[in-house]
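Asker: A structural model of the following input is requested.
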Amino acid sequence: MHSFGYRANALLTFAVTALAFVCAISSFSDKFSNQNPSVEIQILNINRFKKQSHGNDEVSLTLDINADLQSLFTWNTKQVFVFVAAEYETPKNSLNQVSLWDAIIPAKEHAKFRIQVSNKYRFIDQGQNLRGKEFNLTLHWHVMPKTGKMFADKIVTSGYSLPDAYR
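Answerer: As a prediction, the model looks like this:
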């Protein structure tokens, strides 16, 4: 006859194996969800565009962000982290990314929103490269599941440019 320790070990091993199997299946089921988020980002106003005292360009924008990210939520989604980044090229760097706004969306009910906001983080270029610069506004998202691997994606909106002179 097996002792209590052997029986407890066998039961615990079976329970952990079954839990791992259920977690793997639930994570795999997210691959079959149809995800088609949409976003529109508009620049309502350039509040400030100036050269800082130590020579860097600084921009303050008012953004209108209209997003529908409800399709990112499945039964396995814990939350979604979203952020808007300005992306542009300079002679020194082929890609510059500056985060302008971010948020954590805790539930599907909050995933369809329209917000008008000034950039939460400072839009500063290390140098004087922003005058007349064309740039993209990109909405990035990171889906954090309850179990399984976190994944990220983005939607790029292009066609934005800054003025040729400081204001």
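Asker: So which residues of this structure form helices?
Answerer: Ranges of helices in the chain, per DSSP state H, are 4-29.
Asker: Now do the buried residues in the longest strand along the chain.
Answerer: Assignment by DSSP state E gives strand 38-51 as the longest strand of the chain. Along strand 38-51, the positions that meet the burial threshold by neighbour count (16 or more other CB atoms under 10 Å) are 39, 41, 49. In short, each C-beta sits where N, CA and C put it, glycine included.
Asker: And those, which is closest to I104?
Answerer: V39 (16.6 Å; CB to CB).
Asker: Which residues are in contact with that closest one?
Answerer: Under the criterion of CB atoms under 8 Å, 6 or more residues apart in numbering, the contact list for V39 reads 65-69, 139, 155, 157.
Asker: change it to 10 Å
Answerer: 65-69, 82, 84, 137-139, 141, 154-157 (CB atoms under 10 Å, 6 or more residues apart in numbering).
Asker: who does it bridge with?
Answerer: With DSSP bridges applied, V39 shows beta-bridge pairing to A67.
Asker: confidence score at it?
Answerer: As predicted, V39 sits at a pLDDT of 97.
Asker: now swap in M1 and tell me
Answerer: The predicted local confidence for M1 comes out at a pLDDT of 60.
Asker: out of the contacts of V39, which is most surrounded?
Answerer: Within those, neighbour counts (other CB atoms under 10 Å) peak at V84, which reaches 25 neighbours.
Asker: check contacts around it.
Answerer: Taking CB under 10 Å, 6+ apart, we find V84 in contact with 39, 41, 61, 63, 65, 67, 98-103, 117, 119-121, 137-140, 157.
Asker: Take these and keep only those in strands.
Answerer: Filtering the contacts of V84 for membership in strands, criterion DSSP E, returns 39, 41, 61, 63, 65, 67, 98-103, 117, 137-140, 157.
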